[in-house]
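1. Kindly generate the corresponding structure for this input.
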Amino acid sequence: MKKTLGYSAVLFFCIGLGVYAWKIANTGYNEFLWNDSVVKRRFSKNSLLVVGEESIEQADIDFEIGILTKNLKLSKTFSSSATEKEDEKKFVEPLREKVLESLVERKLLYQYLTKEKDFARVKKDLETQCKREYQDFVVKHPEDFQEQGARQKLKQRVCEMSIVKNYLEKEVYQHITISEDDAKEFYKKHIEQFRAPNATYIRQIVFADEKTARRTAPLLSKQNFVAMAKQYSIAPEAEFGGYLGPIYAGSGMPRFYDVVYPMKKGQISNILKSTYGFHIILIIEKEKEHILSYSEARIKLIEKLKQIEEEKAFKKWVQLSLDSIPLNHPPRAW
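-> Next up is the predicted model:
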């Protein structure tokens, strides 16, 4: 179990690495660009590269992996047996490759953007922001990166990531707009994407113990459920009167869905036990499967189209950096 959790946690960090580093938050793109990138075809596994005039060494890759995995304690996650060590090696090698790919991409974008003619105009603000982010990181991790060399590497990493991200946000993505006509056209062509499933809107009260739940259950009604949730529930949504929103089939709450689906609006459930406590649920609304109207879908639709356009712009900038910044293997030392 520990080994599986270790695999999953590191893989999660690995997948998230390129997304945070080189794209605006919430662009909706959740895969490495490297899957179809021309960059990946220019080097083989475990190669070290020169990006522009800056070399990428094994120590740089180790530093990146150290930041990503510093809280995972891999040495305790994996067994010391020969088989487990081999499994760990097979897992870590792809991680190193992904880190190298992301590191090359970061260097390419940073070098290209800082040479842009518009960069001088925003340089001061971007550098101020990157210093702030670096200081915030150091404050949150006071025991880490004590050595001067490590601090310098960390500052370079944070500032490269910050400058690229914020430059694209301010100078590229914020100028992207979606017209109402384009949004309506997309809605008409992809109307099945806007099908809303059966939904049940609920409030709940979560009790810490069964005794309190059984004592309170007979006192509950539609009229007092909100007040009782605020008074008794130990769940975070208690301050909102126990409002949990809609749940759907396949929403990750199968047991709850099976219970609430046949219930009617205004009905209160029996006590349900879970690992979180003892639940009592009120059905506040039920909706059948239907196609969202354009007005209902409009906000999320425009967000989706903006994400698509941001992704196109991002790929364009990556291609420009590939065409402008040389990417080479270092000469062999013999």
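
2. Mean confidence (pLDDT) on the helix or strand hosting L113, please.
-> Assigned by DSSP states H and E, L113 belongs to helix 82-114. With pLDDT averaged residue by residue, helix 82-114 scores 79.

3. likewise stretch 268-283?
-> The pLDDT scores in stretch 268-283 average 93.

4. So for that stretch, first residue to last residue, what's the gap.
-> End-to-end distance for stretch 268-283: 7 Å, by CA to CA, to the nearest Å.

5. swap in stretch 171-178?
-> End to end - CA to CA - stretch 171-178 spans 17 Å.

6. Any buried residues in it, and which?
-> Of all the residues in stretch 171-178, those buried under the rule 16 or more other CB atoms under 10 Å are 171-173, 178. C-beta coordinates here come from the backbone N, C-alpha and C atoms, glycine included.

7. and what of stretch 106-126?
-> Going by neighbour count (16+ other CB under 10 Å), the buried part of stretch 106-126 is 106-113, 122, 126.

8. which helices and strands sit right next to the host helix or strand of D62?
-> Assigned by DSSP H and E, D62 falls within helix 58-69. Packing contacts for helix 58-69, counted by 3 or more CB pairs under 8 Å, 6 or more residues apart in numbering; DSSP states H and E, involve helix 2-22, helix 82-114, helix 148-171.

9. redo that, cut-off 6 Å
-> Counting contacts by 3 or more CB pairs under 6 Å, 6 or more residues apart in numbering; DSSP states H and E, helix 58-69 is packed against helix 82-114.

10. Mind naming the longest strand for the protein?
-> When the chain is parsed with DSSP state E, its longest strand is strand 277-287.

11. could you point out which element follows it?
-> Scanning forward in sequence from strand 277-287 by DSSP H and E, the next helix or strand is strand 290-291.

12. sorry, back to before: from the buried residues of stretch 171-178, which is closest to K306?
-> I178 (5.5 Å; CB to CB).

13. isn't the closest one right up against L301?
-> No - with contacts counted by CB atoms under 6 Å, I178 stays clear of L301, the gap being 8.6 Å.

14. E97: neighbouring residues, count only.
-> For E97, the count of nearby residues is 19 (other CB atoms under 10 Å).

15. separation between it and L327?
-> Separation of E97 from L327 (CB to CB, to the nearest Å) stands at 16 Å.
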